Structure formats: C-alpha cells, structure tokens
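1. next one to model:
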Amino acid sequence: MTPAPEAEARVQIDATLAACGWLVQDSSAVNIHAGRGVAIREFPLASGHGFADYLLYVDGKAAGVIEAKKVGVTLTGVETQSEKYTKGLPAGLPR
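-> Residues are numbered from 1 along each chain as shown. Now for the predicted structure:
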C-alpha cells in the first residue's frame, strides 16, 4: 500500500528538519524546551483557524510556521494562510 502524498511529504519534511537540527514533535506530546529548535507538526490554532502544518519554536518561543505544499505548487496565495496563522496563534503563546 502506497502512503498518502501528505504522509510521504511529512516524512520528508520531518527528515529535513531533523537533519538541520530541529527536534520534531507531535502536537499531542510537546516540550518546547526540549532543544533550541523545536518543530511541532499539525499545531492546533485558535478556534476557527485550523492547524499550522509546523509551528517552529526557537528558545521556547514561537518563531515561524512551515506551510507544506505538494511538489510543484507555487506559494502564490499563501499570504492568506500566513495571515490566518498570525491571527490564529492561541493567546498566551510565548512568541
């Protein structure tokens, strides 16, 4: 059985992040102080804003988001998603 494209992409993204020194974690088991750089996959945003594919923490503070797209998809139009991430970060989240 072939893995879904999203699952395959996640494996590649996880491996690339890990090779760059990021500690990749599931949103169900988060420790933002586990290392200098922590990437949390499928991070739940505030109600109505969905999920961020990856929320990046540096030194215990939210510092960025990775939006995963299929190979060949341009980033045109991602500005709307980026704004949604900014507005959807839960209150009290260290940033």
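2. C-alpha from now on. contacts and neighbour counts both.
-> Noted.
3. my guess is D53 is in a strand, correct?
-> Yes. Under DSSP: H, G, I helix; E, B strand; the rest coil, D53 sits within a strand.
4. kindly state the pLDDT recorded for the nearest residue to it once chain neighbours are set aside?
-> Spatially, and ignoring its direct neighbours in sequence, D53 is nearest to E42 (4.7 Å; Cα to Cα, 6 or more residues apart in numbering). Here the pLDDT value assigned to E42 is 92.
5. if I look at F43, how far off is S28?
-> 9 Å (Cα to Cα, to the nearest Å).
6. between the two, which one's more packed in?
-> Per other Cα atoms under 10 Å, whichever of F43 and S28 has more neighbours is F43, with 21 against 11.
7. which elements pack onto the helix or strand bottoming out on mean pLDDT in the chain?
-> Every helix and strand of the chain was ranked by mean pLDDT, DSSP states H and E. The lowest is helix 78-88, at a mean of 72. The helices and strands touching helix 78-88, judged by 3 or more Cα pairs under 8 Å, 6 or more residues apart in numbering; DSSP states H and E, number zero.
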